[in-house]
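In: Kindly generate the corresponding structure for this input.
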Amino acid sequence: MRRGMRAALAAGAAITLLAGACANPAPEADGEPSSAEGNEDADTDDSAATDDDSAATDDDGEDTDAGEPAFDVPAGYTHLADALEGAYEGETVTVLSQWIAEDGERFTEAVRPFEDATGITVQIDGVADYTTTLVARAEGGNPPDVAQVAQPGLMRTLAGNGHLVPVGDWIDSDQLGADFGDAWLEMTSADGDVYGITWGAFTKSVVWYPAQAFEDAGYEVPTTWDELTALSDKIVASGSSPWCISVEHGDFSGWPATDWVEDVLLRTAPPEVYDEWAAGERNFSDPEVAEAFERTAELFFTDGYAYGGPTWMNETWVGATPLPMFHGQDGPDCWFHKQATWIADFFLADPNASADDPEAERLSAGEDAKFFVLPPIEDAYGTPVLGAADQFVAFNDREPVRALLEFLATPAAVEPMIAAGGFISPNESVPDDWYQDYSSQESAAILAAASTLRDDASDGMPAAVGSAFNAAMVDWIRAGGGNTDEILARLDALEWDGEE
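Out: You can find the predicted model right below:
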């Protein structure tokens, strides 16, 4: 990740913690889509770091100190240092996440060096009905030691209910702040206490397109909203639809539409308006917020713009949304899909294959599909970027748990994720040259050039408010945008604790 990107992240409001999708749940809701279901607990290597007096031999045949740490440990992370000395060997730390199949396997590989070096077993449980399971276990007094959380609103609800351990009470805050910056600390905090360890960052203000078909058609990447609209009209005239948009995701249904409103608002109003709305200090019916809905409606509901119309938009699972770009009857049925970079995991080479099958062939990001940043609307507000990331929180305060969280805050933890591709860490200590794949490099460039960086507004809202926003978008789409005033009034009627 380039230093320019890191500086931009630090300068803007922090990007929220989300595994790629804007999906602010009610307590019963699930997480963002995973590319497959059913994660088996990964086998762990039973070997642990030992204090053998004999010398080891590296790949070059040179003698090395067998007691040398398996990875670099920041000076302030004392629990991790103790773990590497074998202080917690034989202990088990449980982790709950929404990552299953390939995503789960990648995370398992990311923590394997920690297991091997410390003798601590990390028991990972990836579940599809993630938020339902996490909330039920927390409320039932049987939480995991550590959980991955995608929504700051959910984190703050759990913290407010007394379920979480403030990591700021024991972690080296100076080290954490040096690696992640004040903006990230703010987004992992509640009531002045730091509760989370940031993980991977995602850019959400990007538009994917089928690269070869796009080139063959003679289309050019739009750099302004007017150019985007003109190209959309041209595509409609050619007999296909410019946009692939759908919002079906069970209890989370509607969240892609909230992303659209947020991205448009950043392009039509000062960032202060966005911040005030996200904090509940402006109504949904505020003229500048309402304008963002109107602009979004123009794109969603202009005849021919959205493939399949409102019915398809509401009934198609979000992971299947981009498939008509690649598998139309005679070329692409739709040409653009605005979604974070994780969606490339769902670019199936065979549309009849199952997205749940990690062995199913995927199309290649950077070859079969490329993306561009969503263009600016008003010149005064430049090209903003909406982003997201994940965080890890602790429910149980034990020394092995502290050691794992300290490890997750180091570059060593994210190195396997970055090597696998499509993953960007906000940790400023990560070397720039680790990023090699198309999505990571292009995302870094977009973030570095962003005029404004903001987190996903609905994810930072109280969970019930964000859930109501999601549901309202489903009703809005069903009505073809004809009920905007009613939708905005309904959302205005919500108290900030989410109760009407």
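
In: Going along the chain, name the helices of the stretch 251-400 of the chain.
Out: Using DSSP state H, counting those that start in this stretch, the helices of the stretch 251-400 of the chain run over residues 255-268, 271-278, 287-301, 309-315, 323-326, 399-408.

In: who does the shortest one touch, helix- and strand-wise?
Out: If contacts are counted by 3 or more Cβ pairs under 8 Å, 6 or more residues apart in numbering; DSSP states H and E, helix 323-326 sits against strand 206-210, strand 334-338. Quick note: C-beta positions are derived from backbone N, CA and C, even for glycine.

In: Can you pull the poorly scored residue ranges out of the stretch 51-200 of the chain?
Out: Across the stretch 51-200 of the chain, the ranges flagged by pLDDT under 70 are 51-69, 183.

In: all helices for it, in order.
Out: Using DSSP H, counting those that start in this stretch, helices in the stretch 51-200 of the chain cover 78-84, 101-118, 130-139, 152-160, 173-187.

In: could those go into TSV alongside mean neighbour count and distance to Glu262?
Out: Shown next, in TSV, are the helices of the stretch 51-200 of the chain (neighbours: other Cβ atoms under 10 Å; distance: least, Cβ to Cβ, whole Å):
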stretch	mean neighbour count	distance to Glu262
helix 78-84	22	37
helix 101-118	21	24
helix 130-139	20	20
helix 152-160	22	14
helix 173-187	18	15
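
In: Which among those is found nearest to Ile418?
Out: Nearest to Ile418, of all the helices of the stretch 51-200 of the chain, is helix 101-118, at 9.6 Å by Cβ to Cβ.

In: Can you dump the C-alpha atoms of the closest one in PDB for me?
Out: Backbone C-alpha positions of helix 101-118 (Å, rounded to 0.1, in the frame of the first residue of the first chain) are rendered in PDB as follows:
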ATOM      1  CA  ALA A 101     -15.100 -21.800   2.300                       C
ATOM      2  CA  GLU A 102     -12.300 -19.900   0.500                       C
ATOM      3  CA  ASP A 103     -12.500 -16.900   2.800                       C
ATOM      4  CA  GLY A 104     -12.400 -19.100   5.800                       C
ATOM      5  CA  GLU A 105      -9.400 -21.100   4.400                       C
ATOM      6  CA  ARG A 106      -7.500 -17.800   3.800                       C
ATOM      7  CA  PHE A 107      -8.100 -16.700   7.400                       C
ATOM      8  CA  THR A 108      -7.000 -20.100   8.700                       C
ATOM      9  CA  GLU A 109      -3.800 -19.800   6.800                       C
ATOM     10  CA  ALA A 110      -3.300 -16.200   8.200                       C
ATOM     11  CA  VAL A 111      -3.300 -17.400  11.800                       C
ATOM     12  CA  ARG A 112      -1.400 -20.600  11.200                       C
ATOM     13  CA  PRO A 113       2.000 -19.000  11.800                       C
ATOM     14  CA  PHE A 114       0.700 -17.800  15.200                       C
ATOM     15  CA  GLU A 115      -0.400 -21.300  16.100                       C
ATOM     16  CA  ASP A 116       2.900 -22.800  15.000                       C
ATOM     17  CA  ALA A 117       5.000 -20.300  16.800                       C
ATOM     18  CA  THR A 118       3.100 -20.200  20.100                       C
END
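
In: what is the closest residue to Lys338 other than its chain neighbours paired to in the beta sheet?
Out: Nearest in space to Lys338, with sequence neighbours left out and distances taken as Cβ to Cβ, 6 or more residues apart in numbering, is Val207 at 4.9 Å. In this entry, Val207 is beta-bridged to Lys338, Phe372, by DSSP bridges.

In: follow-up on the earlier one: of the helices of the stretch 251-400 of the chain, which is nearest Gly466?
Out: Gly466 lies closest to helix 255-268 among the helices of the stretch 251-400 of the chain, at 7.8 Å (Cβ to Cβ).

In: Could you check the angle the closest one makes with helix 287-301?
Out: Angle of helix 255-268 versus helix 287-301, following axes from the mean of the first three to the mean of the last three Cα atoms, to 10 degrees, is 130 degrees.

In: The residue nearest to Ala178 when sequence neighbours are not counted: how many residues sit nearby?
Out: Leaving aside its chain neighbours, Ala178 sits nearest to Glu428 (7.5 Å; criterion: Cβ to Cβ, 6+ apart). Glu428 sits with 18 neighbouring residues when counted by other Cβ atoms under 10 Å.

In: for Ala449, same thing?
Out: 14.

In: how near is the residue lying closest to it once chain neighbours are set aside to Ser285?
Out: Leaving aside its chain neighbours, Ala449 sits nearest to Thr383 (6.8 Å; criterion: Cβ to Cβ, 6+ apart). Applying Cβ to Cβ, to the nearest Å, the value for Thr383 to Ser285 is 27 Å.

In: Next: Leu488.
Out: For Leu488, the distance to Ser285 equals 4 Å [Cβ to Cβ].

In: Specify which residue of the two has the higher count of neighbours.
Out: Between Leu488 and Ser285, counted using other Cβ under 10 Å, Leu488 has the larger neighbour count: 19 against 15.

In: Now that the more buried one has come up, it's in contact with Ala290, right?
Out: Yes: proximity of Leu488 to Ala290 meets the contact threshold set by Cβ atoms under 8 Å, at 6.1 Å.

In: what do those two both touch?
Out: Contact with both Leu488 and Ala290 is made by residues Phe284, according to Cβ atoms under 8 Å, 6 or more residues apart in numbering.

In: how many other residues sit next to Thr203?
Out: Per other Cβ under 10 Å, the neighbour tally for Thr203 reads 26.

In: What score does the closest residue to it other than its chain neighbours have for pLDDT?
Out: Using Cβ to Cβ, 6+ apart and skipping the chain neighbours, the partner closest in space to Thr203 is Ser443 (4.4 Å). Looking at Ser443, its pLDDT reads 88.

In: Regarding Ser443, what is its secondary structure?
Out: Following DSSP: H, G, I helix; E, B strand; the rest coil, Ser443 is assigned to helix.

In: So it sits against Ile424, correct?
Out: Yes: counting by Cβ under 8 Å, Ile424 is a contact partner of Ser443 at 5.8 Å.

In: Which neighbours do those two have in common?
Out: Common contacts of Ser443 and Ile424, defined by Cβ under 8 Å, 6+ apart, comprise 202-203.

In: what pairs with Gln391 across the strands?
Out: Beta-bridge partners recorded for Gln391 (DSSP bridges): Val149, Thr198.

In: can you pull the contacts of the nearest residue to Gly328 once chain neighbours are set aside?
Out: Using Cβ to Cβ, 6+ apart and skipping residues adjacent in sequence, the residue nearest Gly328 is Ser240, 7.1 Å away. Neighbour list for Ser240: 307, 328, 331-335 [criterion: Cβ under 8 Å, 6+ apart].
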